[in-house]
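In: this is the structure alone, sequence omitted:
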């Protein structure tokens with residue numbers, strides 16, 4: 001088989017924006033000169049305009065319509081071949097092969113009035129990111145564009161070992177043009193065994209990888225000013241929450257020389273040095289047909305990911321810098337790594353502290369670097385259990401299904417030299433879902449059908465990790481009903 005696929009996604013965003021030069025001209029009037037002493041411009045201001053509501057004509061005079069345009073494209077050629085190679089000692093040897101070639105591209109094009117060429121987005125220049133034609137809130141938008149090529153070949157064999165057992169072997173070779181990791185080979189081996197007609201035992205081992213998203217590599221970045229708490233200064237001054245309070249103690253003072261709350265430059269950009277995320281996994285479990293209408297399955301899975309890509313935000317960076325240096329949070333509690341729920345190690349602290357630039361008065365923060373980076377490792381271990389029962393009655397056919405996932409362990413480490421975090425503690429107190437339960441009841445009779453579906457998500461850490469503790473458990477329900485009007489239309 002041969003196939004060609006093309007996909008394209010365009011996003012155009014239009015929004016009203018005040019042009020500050022027009023607004024200043026309307027409210028302040030034309031500039032008459034410059035004050036010799038202060039260097040400030042001189043205007044003849046019509047105070048009546050300041051205290052009068054504007055009408056539609058005035059709004060049109062001082063505003064315009066902003067336009068952001070984003071585009072992504074993907075083209076792929078794929079050739080596949082499958083069939084039986086030859087008759088083996090226990091049955092036909094199944095074979096499949098594939099070859100792929102693809103190109104992907106993207107472009108983020110914000111309105112040119114939302115950024116300044118000298119803001120640091122281009123060529124490392126410096127400038128005032130607030131000084132754009134639209135100003136707040138239309139500034140600091142992400143820019144970026146790039147493309148990458150990928151080609152891959154893969155093959156899979158299905159080999160009957162004897163009448164009750166079958167082995168599966170597969171391998172794949174991928175090459176991406178835009179990453180420092182270049183080519184990668186992955187493979188998989190699986191085994192199925194039926195000791196009885198109604199019991200299947202299965203297991204597999206596989207390696208995997210994932211290339212960075214293009215925006216994670218090619219994003220030219222953005223810079224924007226944001227008011228943030230200087231957590232380190234707050235803790236060192238003893239201004240803990242709730243009393244006297246990191247922000248409250250400053251009143252209206254936002255001077256970075258003395259305040260705990262002031263404007264900080266946030267710089268976000270992609271990294272061409274990102275490597276592949278690489279993984280290993282193994283699973284084993286069983287499928288048991290208890291009776292004709294009832295089946296039960298259970299699987300254990302274990303996944304280890306190396307070089308996991310994560311995006312770190314400014315709040316995590318600032319809190320981590322303070323926590324790593326003092327061991328505390330702004331609430332005067334013990335600081336814990338939000339990714340693991342345990343004490344931070346030296347490598348995590350070093351990477352976070354390096355992202356904070358303190359070149360302001362009295363060691364104030366001038367810039368925080370955020371964006372994607374490769375973590376050293378992540379482990380996840382858990383079980384999946386599911387059962388399904390079909391009951392046929394004169395009132396129709398009822399189907400009952402139940403699925404349960406339990407994350408047993410969730411461990412992370414910041415570098416190859418670091419120790420793994422406590423897996424049980426991470427599963428119960430980290431940001432991942434510890435359990436997930438899904439249940440459904442279905443009914444069908446003649447051309448009618450209905451389905452009641454429910455999902456329960458457990459309590460978990462809130463995004464404001466150290467302050468609000470846990471979010472409550474959630475139950476999401478859905479009820480659908482349908483009628484099959486004809487064989488081809490529901």
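Out: Now that the structure is in, tell me what you want to look at. Note that the structure is predicted; figures quoted are calculated from it, not measured.
In: element containing residue 258, please.
Out: Taking DSSP states H and E as the definition, residue 258 sits outside all helices and strands.
In: the one 5 residues further on now?
Out: In the assignment (DSSP H and E), residue 263 maps to strand 261-268.
In: which residues are in contact with that strand?
Out: Strand 261-268 is contacted from outside by 120, 129, 140, 142, 219, 221-230, 246-247, 250, 254-256, 314, 364-371, using C-beta atoms under 8 Å, 6 or more residues apart in numbering. Where C-beta positions appear, they are placed from N, C-alpha and C, glycine not excepted.
In: now the buried members of these.
Out: With burial judged by 16 or more other C-beta atoms under 10 Å, the buried subset of those is 120, 129, 140, 142, 219, 221-225, 228-230, 246-247, 250, 256, 314, 364-365, 367-371.
In: number of nearby residues for residue 316?
Out: 20 (other C-beta atoms under 10 Å).
In: apologies, that question was intended for residue 343.
Out: Applying other C-beta under 10 Å, I find that residue 343 has 16 neighbouring residues.
In: quick one: contacts for it?
Out: For residue 343, the set of contacting residues under the criterion of C-beta under 8 Å, 6+ apart consists of 334, 335, 336, 337.
In: just the buried ones among the contacts of strand 261-268: which are in strands?
Out: Where the buried ones among the contacts of strand 261-268 overlap with strands, as defined by DSSP state E, the overlap consists of 219, 221-225, 228-229, 367-371.
In: now the two most distant members of those residues.
Out: Between any two of these, the greatest separation by C-beta to C-beta is 26.4 Å, found for 219 and 229.
In: before we move on, which element is residue 217 in?
Out: Here residue 217 sits within helix 214-218, counting by DSSP H and E.
In: which strands and helices lie in contact with that helix?
Out: Judged by 3 or more C-beta pairs under 8 Å, 6 or more residues apart in numbering; DSSP states H and E, the packing partners of helix 214-218 are strand 92-109, strand 143-162.
In: adding mean pLDDT, write those strands out as CSV.
Out: Putting the helices and strands packed on helix 214-218 into CSV (pLDDT from 0 to 100) gives the following:
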stretch, mean pLDDT
strand 92-109, 94
strand 143-162, 92
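In: okay if I get those as TSV plus distance to residue 115?
Out: What follows is the helices and strands packed on helix 214-218, written out as TSV (distance: least, C-beta to C-beta, whole Å):
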stretch	distance to residue 115
strand 92-109	11
strand 143-162	7
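In: how many neighbours does the closest residue to residue 107 other than its chain neighbours have?
Out: For residue 107, ignoring the flanking residues on the chain, the nearest one in space by C-beta to C-beta, 6 or more residues apart in numbering is residue 145 at 4.0 Å. Neighbour count of residue 145, defined by other C-beta under 10 Å: 15.
In: next one: the one 5 residues further on
Out: Residue crowding around residue 150 was assessed by other C-beta under 10 Å; the count is 17.
In: quick one: contacts for it?
Out: With contact set as C-beta under 8 Å, 6+ apart, residue 150 has these partners: 100, 101, 102, 103, 104, 174, 175, 176, 177, 211.
In: so where do the helices sit in the stretch 351-490 of the chain?
Out: With DSSP state H, counting those that start in this stretch, the ranges of helices along the stretch 351-490 of the chain come out as 423-429, 465-468.
In: same question, the stretch 51-200 of the chain
Out: For the stretch 51-200 of the chain, the helices defined by DSSP H, counting those that start in this stretch occupy 56-62.
In: before we move on, what about the stretch 201-350 of the chain?
Out: Counting by DSSP H, counting those that start in this stretch, the stretch 201-350 of the chain has these helices, from start to end: 214-218, 231-237, 314-326, 346-353.
In: in the third one, which residues are buried?
Out: Of the residues in helix 314-326, those buried under the neighbour-count criterion (16+ other C-beta under 10 Å) are 314, 315, 316, 317, 318, 319, 320, 321, 322, 323, 324.
In: tell me the bridge partners for the residue lying closest to residue 220 once chain neighbours are set aside.
Out: Excluding its sequence neighbours, the residue lying closest to residue 220 (C-beta to C-beta, 6+ apart) is residue 143, at 4.4 Å. The partner list for residue 143 in beta bridges (DSSP bridges) reads residue 221.
In: so what strands line up beside the longest strand seen in the chain?
Out: Longest strand in the chain by number of residues (criterion: DSSP E): strand 63-87. Its sheet considered, strand 63-87 pairs with strand 2-18 (antiparallel), strand 92-109 (antiparallel) by DSSP bridges.
In: how about these, which one is nearest residue 133?
Out: Closest of these to residue 133 is strand 2-18, at 8.3 Å (criterion: C-beta to C-beta).
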